[in-house]
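[1] what would the 3D arrangement of this be:
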Amino acid sequence: MNDKIVLCSMSIEELANALISFITQTSEVNNSSTDEELLSRTEACKLLSINKTTLWKHTKNGRLKSYGIGNRVYYKKHELLSSIIQIN
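    Numbering: from 1, shown residues only. Below is the predicted model:
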């Protein structure tokens with residue numbers, strides 16, 4: 001993809017299509033890197049607006065899936081967000 005856009009030789013439609021293409025490609029790259037992002041317990045609590053005790057209860061009950069390296073516990077961001085269900 002070109003990093004430079006020459007505005008004087010482009011129509012408005014061409015500019016709009018170029019911007020849409022750029023934004024789509026940029027958001028796809030950002031989404032793929034953040035979806036597999038591992039969060040610590042503290043970060044997971046901040047994301048879900050809960051305390052560590054509640055996070056532990058949900059993990060113990062199997063509502064949330066945790067991953068560990070040594071004695072550290074991590075959660076996948078996309079799994080935390082997908083575990084949120086709609087009420088009503």
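
[2] break the chain into its domains for me.
    1-34, 36-82 (automatic domain parsing).

[3] output these as TSV; include the columns mean neighbour count, distance to residue 88 and mean pLDDT.
    The way it works is simple: take the backbone N, C-alpha and C, and place the C-beta from them, glycine included. Below are the domains of the chain laid out as TSV (neighbours: other CB atoms under 10 Å; distance: least, CB to CB, whole Å; pLDDT from 0 to 100):
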stretch	mean neighbour count	distance to residue 88	mean pLDDT
domain 1-34	10	28	70
domain 36-82	13	19	94
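
[4] assign residue 59 to helix, strand or coil.
    helix (DSSP: H, G, I helix; E, B strand; the rest coil).

[5] was I right to think it contacts residue 68?
    No - checked against CB atoms under 8 Å, the pair residue 59 and residue 68 is beyond contact range at 10.8 Å.

[6] shared neighbours, these two?
    Common contacts of residue 59 and residue 68 (CB atoms under 8 Å, 6 or more residues apart in numbering): none found.

[7] what's the next secondary structure element after the helix or strand that contains residue 17?
    Secondary structure assigned from DSSP states H and E places residue 17 in helix 12-35. Remark: after helix 12-35, the chain's next helix or strand is strand 38-40, criterion DSSP H and E.

[8] who touches the helix or strand following that following strand?
    Downstream of strand 38-40, the first helix or strand assigned by DSSP H and E is helix 41-48. The contact list for helix 41-48 (CB under 8 Å, 6+ apart) reads 39, 51-52, 54-55, 73, 75, 77, 80-81, 84.
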